[in-house]
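Asker: build me a model from this:
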Amino acid sequence: MASNDQEEASTLKDLERIEVQGNTNALSRTMAVMILMILPGVGGYYLDQWAGTQFFVLVGFLIGTCIAVYGMLYVAKIADHTAKRNRERRRQLESQSESDLSRK
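Answerer: Numbers count the residues shown, from 1 in each chain. Below you'll find the model as predicted:
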């Protein structure tokens, strides 16, 4: 089975299906980024409990925030690239269907 990046839409309906799958992928990536933001802070909390300190939780959440910003920029970059590719493919398919209709 091909991934969304390799999949080629042959009809507008196929393109719509690919767009929905892309939205689902973006949502799952966003949720993963949120988890990556929280985990270092939780790890810092437990490290603070073990060491008897109070700064690892802050360091963990700062690291998590940096990871989240980088992750969201990455997700936005992929989403923008996918949207541009889908718009271009939609224009191609629409012009192709218009030319097919004019031939009939």
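Asker: for the rest of this, base every contact and every neighbour count on C-alpha atoms.
Answerer: OK.
Asker: tell me how many other residues surround the closest residue to residue 62 other than its chain neighbours.
Answerer: Ranked by C-alpha to C-alpha, 6 or more residues apart in numbering and with sequence neighbours excluded, the top spatial neighbour of residue 62 is residue 41, at 7.9 Å. Residues near residue 41, counting by other C-alpha atoms under 10 Å, number 21.
Asker: same check on the one 10 residues further on?
Answerer: Using other C-alpha under 10 Å, residue 51 has 10 neighbouring residues.
Asker: before we move on, what about residue 89?
Answerer: With other C-alpha under 10 Å as criterion, residue 89 counts 18.
Asker: residue 53 too?
Answerer: Residue 53 has 12 nearby residues by other C-alpha under 10 Å.
Asker: can you say which helix or strand has the residue nearest to the spatial centre of the chain in it?
Answerer: Centroid check for the chain by C-alpha atoms, centre = their mean gives residue 26 as the closest residue, at 2.9 Å. According to DSSP states H and E, residue 26 maps onto helix 12-51.
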